[in-house]
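Participant: With the sequence up front, the predicted model follows.
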Amino acid sequence: MPHSHPIPYMLRENILTGNALWFLLLGGLSLLLIAYTFWRKRDPKLLALYLGLGAIAGYFENVVCIWLESYEYYPHILKDPYLDIVLGTYLSQVYYVTSVALFITAFHLRFRWALVFAGMFVGIEYGFLALGIYKLNWWHPGYTFIGLLLFFWISNKWYRLIQIESSRFVRWFTLVGINYILYGNVTVLPFFNHNYRFVGGFFELPERDTVTVLIIFMLVRGVIVATVCFYRLHWAILASVPIAIGAGILVLTHAHILTFKYEWCLWLFTSADTIVLICCFFFNRILSSRHRHPH
């Protein structure tokens, strides 16, 4: 049963020095780039694109880094060594890479700029290796370069598809991505603070097992909410979705598959479905619009 003790302090001391400084610096630059892009363009479909790109990048990073252990980050921000690695992957894909893809697409930069930015990230990768804050297992920087070019192409293509009335599948897929990343952003801080745990039996390390089940759990919830919003079902059905998912969370808790340290975290999980449902309904209206935003 969850209780109400104070939240444990999971941050390392002096995080503004050493390894963390480089990750925080890139994070700050990424936020500035995102803010500048939205300030100049003011297109709500760009926000849908940004969230969708974050979902694709984050899911790819989870598969390649968390499941296949291709590389490891050492930001030295969190006390827990494994969660520190996970935080590095989260910052890398959800902010660093996605912000640049958004910038390239929003300003319609030519292919040579995609090459420049892909080369920049490879240079950062080699710099992180030299600083000892990044480790390659079986990954190679060449894969990063090719993967980023593909990611930038997907971003451009995706934006063109949603700028006009997109196909039903593209709209549904975009909603799934938006929901996935919103669920992740809502639950990520409690995760890094050890406030809840999933038991899936996939891996021996509890933190790795938790993030694996959490990825699946977020994807399933995202698909359910996206589907009911996409088909614009009756309001009674929409209202029943958070209730049904909340009941599922209680079942998982009763079965000890999902455990919470604090009662507020349980309420956060259950209220997240309502938050995501409202956001999904909003984005479905935006993506259904035929209006093309001026360049």
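Facilitator: Structure received. Residues are numbered from 1 along each chain as shown.
Participant: got any ranges where the stretch 1-150 of the chain has weak pLDDT?
Facilitator: 1-9 (pLDDT under 70).
Participant: ranges for the strands of it?
Facilitator: 71-73, 134-136 (DSSP state E, counting those that start in this stretch).
Participant: Most tightly packed of these?
Facilitator: strand 71-73 (a mean of 22; mean count of other CB atoms under 10 Å). Where you see a C-beta, it was placed from the backbone N, CA and C, and this is true even at glycine.
Participant: same for that strand, what does it pack against?
Facilitator: helix 81-91, strand 134-136 (3 or more CB pairs under 8 Å, 6 or more residues apart in numbering; DSSP states H and E).
Participant: what would the ones you listed look like in JSON lines with distance to N179?
Facilitator: Listed next are these as JSON lines, based on distance: least, CB to CB, whole Å:
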{"stretch": "helix 81-91", "distance to N179": "17"}
{"stretch": "strand 134-136", "distance to N179": "30"}
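Participant: Highest mean neighbour count across the ones you listed, which stretch is it?
Facilitator: Taking mean count of other CB under 10 Å, helix 81-91 is the most buried of these, at a mean of 20.
Participant: neighbouring contacts of it?
Facilitator: Identification of contacts with helix 81-91 by CB atoms under 8 Å, 6 or more residues apart in numbering yields 10, 23, 26-27, 58, 61-62, 65-66, 72-78, 134, 188, 191-192, 194, 205, 207-208, 211.
Participant: Could you tell me which of those belong to helices?
Facilitator: Among the contacts of helix 81-91, DSSP state H puts 23, 26-27, 58, 61, 188, 191-192, 207-208, 211 in helices.
Participant: could those residues be laid out in a markdown table, adding distance to L287?
Facilitator: Conversion of the ones in helices among the contacts of helix 81-91 to a markdown table gives the following (distance: CB to CB, whole Å):
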| residue | distance to L287 |
| --- | --- |
| F23 | 33 |
| L26 | 30 |
| G27 | 28 |
| G58 | 20 |
| E61 | 25 |
| V188 | 25 |
| F191 | 29 |
| F192 | 31 |
| E207 | 35 |
| R208 | 35 |
| V211 | 29 |
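Participant: Using TSV, lay out those residues together with distance to F198 and neighbour count.
Facilitator: Below are the ones in helices among the contacts of helix 81-91 laid out as TSV (distance: CB to CB, whole Å; neighbours: other CB atoms under 10 Å):
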residue	distance to F198	neighbour count
F23	26	24
L26	29	17
G27	27	18
G58	17	25
E61	19	20
V188	14	17
F191	10	21
F192	14	19
E207	10	19
R208	11	18
V211	8	23
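Participant: tell me which of these is nearest to Q163?
Facilitator: Comparing the ones in helices among the contacts of helix 81-91 against Q163 with CB to CB places G58 closest, at 23.5 Å.
Participant: Spit out the contact partners of that closest one.
Facilitator: Counting by CB under 8 Å, 6+ apart, G58 touches 90, 93-94, 180-181, 184.
Participant: between those residues, which is nearest L148?
Facilitator: Looking across these and measuring by CB to CB, the closest to L148 is Q93, at 11.0 Å.
Participant: Quick one: neighbours of the residue lying closest to that closest one once chain neighbours are set aside, just the number.
Facilitator: The shortest distance from Q93 to any non-neighbouring residue, by CB to CB, 6 or more residues apart in numbering, is to A57 (3.8 Å). When neighbours are counted by other CB atoms under 10 Å, A57 registers 25.
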